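Colleague: what would the 3D arrangement of this be:
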Amino acid sequence: MIVVFTGGDELEDNDETLEDYLGRECPKPLQEILKLCKNHVVLFDNKARDESKKDEQLKELLSLVNKVIAENGGKPYTDEFFDKLKNGAVKLRDQREQVESLAGYSKQEISELKEHMYESYKDQLKHITDMVELKVKETTQRLEQQLA
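Modeller: Coordinates of the predicted model:
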């Protein structure tokens, strides 16, 4: 994740850097977000008219995007849930292909394989559901603590 801040021109007018501002007025939830995204931040001016300044800001953002891609092993993002779903879909497809290629097997054997495939799918779905529920619970608890 990359956090994009705006208002850089206002900070510049006050002879202040983003680091100065965040060090002075950064709320705890934002500090946690910045920590989670490995401090991948970029600052844009709201009123920049100078094309070279706009180009510089854009280059900084694109450089940061390339850095994140490199850190993620060449992928623009990583997501544990997405990876698990993708791997599960590939596994399910492979199992279907295996079942469809079972010419010559008895109906009983094919039925057993289909049952095994169904159970595997159910287990996978339960695992993903449990992960999502845990994430939702953790986020809810954190938000409740912040509200308190």
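Colleague: residue 42: neighbour count?
Modeller: Residues near residue 42, counting by other CB atoms under 10 Å, number 19. Using the backbone N, CA and C atoms, a C-beta is placed for each residue, glycine as well.
Colleague: next: residue 106.
Modeller: Using other CB under 10 Å, residue 106 is surrounded by 9 other residues.
Colleague: then the one 4 residues further on?
Modeller: Residue 110 has 14 neighbouring residues, counting by other CB under 10 Å.
Colleague: now it: how far from residue 4?
Modeller: The spacing between residue 110 and residue 4, counted by CB to CB, to the nearest Å, is 54 Å.
Colleague: give me the nearest residue to residue 33, chain neighbours excluded.
Modeller: Using CB to CB, 6 or more residues apart in numbering and skipping the chain neighbours, the partner closest in space to residue 33 is residue 3 (6.7 Å).
Colleague: just list the residues touching the one you found, thanks.
Modeller: 33, 34, 37, 40, 41, 42 (CB atoms under 8 Å, 6 or more residues apart in numbering).
Colleague: with residue 121 instead?
Modeller: When contacts are counted by CB under 8 Å, 6+ apart, residue 121 is found next to 88, 92.
Colleague: now do the same for the closest residue in space to residue 21 that isn't next to it in sequence: helix, strand or coil?
Modeller: Of all residues not flanking residue 21 in the chain, residue 11 sits nearest, at 5.8 Å (CB to CB, 6+ apart). Residue 11 falls in the helix class when you classify it by DSSP: H, G, I helix; E, B strand; the rest coil.
Colleague: next: the one 10 residues further on.
Modeller: In the three-state summary, residue 21 is assigned as helix, counting by three-state DSSP.
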